[in-house]
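[1] Sharing a model that was predicted from the sequence below.
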Amino acid sequence: MQNIIEEIGLTPIEAKIYLTLVRKGPSPVGNITKETGVHRRTTYDILYRLRSKGLVSNIVLENKRYFEAVNPDRLLDLIKEKENSLKNIMPELKELYKSTKEKNEVLLFKGKKALKNVLEDQIKEGKEILFMGKPLEINELTKITFSRYYNNRIEKKLNNKILYYGKKYNIKKTKLSEIKFINIENKSSMSTFIYGDNVNIMLWKDEPIFIIIREKEIADGFKAQFNVLWNIAKK
């Protein structure tokens, strides 16, 4: 029984003295000390702590102070009070938990088969997708993957801003997308996606390399660069 009472927040000595009063009824400190084996001064300290928790009251009879346990229902009240206190701070706790669970990592993928996972990551994030680079090379192997990606993006109603480097390509525009061109020399086969707090760098070659960076500051830096170029680009 004492172990259970301790679980609601009482120390072993508090639980021991409280149970003694439940069993013995109103008792002077001397009797409590004798029954529990706890030092008199310590017993006083514990009794006053229990009184502050609403578990013990005291009365004076014939000029002698007696302590008695209150109705055990008060233990249930203590549990409810703790539960209510926890509920009050739960939103803040969840925010703190969420902030520490934010992922800061770099993922590296190789090979055309990894393209599916990389594009699905953008859809799962559920944020606007920014793209800058040359048009992606879509062949028979990647056509189905990109087609599914476009359909999922539209289904999730995710806006897409596309910034192509170089000349104005004859590109078919998809729904929820806006395309601009910026006439800058760029022979690199690298392209970049920015979505939420993530940056996805794609290097197109015989064995493509895909890098996902999960870091808010880096993503914000790429977004700032994108916005500068977007504002001077032309449709």
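    Sure, I can see it. Numbers count the residues shown, from 1 in each chain.

[2] Please enumerate the strands of the chain.
    56-61, 64-69, 105-110, 129-133, 160-165, 177-182, 190-195, 198-203, 209-214 (DSSP state E).

[3] Could you chop this structure up by domain?
    2-74, 105-232 (automatic domain parsing).

[4] Per-residue pLDDT of the residue in the chain sticking out farthest from the centre, please?
    Ranked by distance from the centre of the chain (C-alpha atoms, centre = their mean), the top residue is E62, with 60.6 Å. On pLDDT, E62 comes in at 80.

[5] so how far is P28 from it?
    Using C-beta to C-beta, to the nearest Å, we find E62 at a distance of 11 Å from P28. Quick note: C-beta positions are derived from backbone N, CA and C, even for glycine.

[6] Give the bridge partners for the closest residue to L50 other than its chain neighbours, please.
    Sequence neighbours aside, V56 is the residue nearest to L50 in space, at 4.0 Å (criterion: C-beta to C-beta, 6 or more residues apart in numbering). Beta-bridge pairing for V56 (DSSP bridges): A69.

[7] Please report the distance of V56 from R74.
    10 Å.

[8] Those two - which one has more neighbours?
    V56 (21 against 14; other C-beta atoms under 10 Å).

[9] and the gap between the more buried one and A219?
    From V56 to A219 the distance is 58 Å (C-beta to C-beta).

[10] Check the gap between the residue most central in space within the chain and K127 for me.
    For the chain, the residue nearest the mean C-alpha position is K98 (1.7 Å; C-alpha atoms, centre = their mean). Distance from K98 to K127, counting by C-beta to C-beta: 16 Å.

[11] Done for today, thanks.
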